[in-house]
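J.: The following comprises the amino acid sequence and a computationally predicted model.
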Amino acid sequence: MKKAWPCETIAVVCDTNGSKAALSTLTGAATGMKIMVVDVKGPQDMGKAISTLTSRKPDAILLLAGDRIAGDGSAAATFLIQRMAAIKVPTAATTEAGVKQGAALGVGPGTGGKLMSNAKVAGVAGVAVPAGATVL
C-alpha cells in the first residue's frame, strides 16, 4: 500500500479480539508505518470510531476482509467508507468486493495480486489513482 500511496499512519477499524491474526499480519507487513487500531464490538460503536478517526485523521483506513463488524461488504464498512471520503481520508480494502463497495484502493490476496482502484471514490477522497491500477 505504501508504494501506491505514501502513508505514515494507517487506521484499522475492527473487532480486535476477532481479528488478532489479521492485525498481527498487518503489523508485520507495515514496516515504516504507524498502525492505529480502533476497536469496535458492534455496529453501535461505529459512531465513536468515526469521531476518533475524524479527530486523529490518519492518512488512510484499511478494511480487514474477514472482520465481523467492519469487514468488506458490511454495512459498517460502507458507513466508514462514506464518512472518511467526506473528510478526504481514503479507504483501502484487501478484496475486489471492498473496492466495488467504495474503497478507493484494493490490494492484497483478495484482489488476485492486482492493484485495483475505484476512481470515483478516489476523486471524492482527493487521492490520485495509482499508475497501473485496474480501475473498477
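T.: Received, thanks.
J.: could you say which helix or strand contains Ile81?
T.: Assigned by DSSP states H and E, Ile81 belongs to helix 75-86.
J.: The residue nearest the centre of the chain pairs with what?
T.: Note on the chain: the residue nearest the mean C-alpha position is Leu62, at 2.2 Å, using CA atoms, centre = their mean. Counting by DSSP bridges, Leu62 forms beta bridges with Val12, Ala92.
J.: relative to helix 75-86, how tilted is the one helix or strand Gly47 maps to?
T.: Using DSSP H and E, Gly47 maps to helix 46-56. If you take axes from the mean of the first three to the mean of the last three CA atoms, to 10 degrees, helix 46-56 sits at 30 degrees to helix 75-86.
J.: what helices or strands is helix 46-56 leaning on?
T.: strand 9-14, strand 34-39, helix 75-86 (3 or more CB pairs under 8 Å, 6 or more residues apart in numbering; DSSP states H and E). Backbone N, C-alpha and C define where each C-beta goes, glycine included.
J.: Pull the number of nearby residues for Gly112.
T.: A count of nearby residues for Gly112, using other CB atoms under 10 Å, gives 10.
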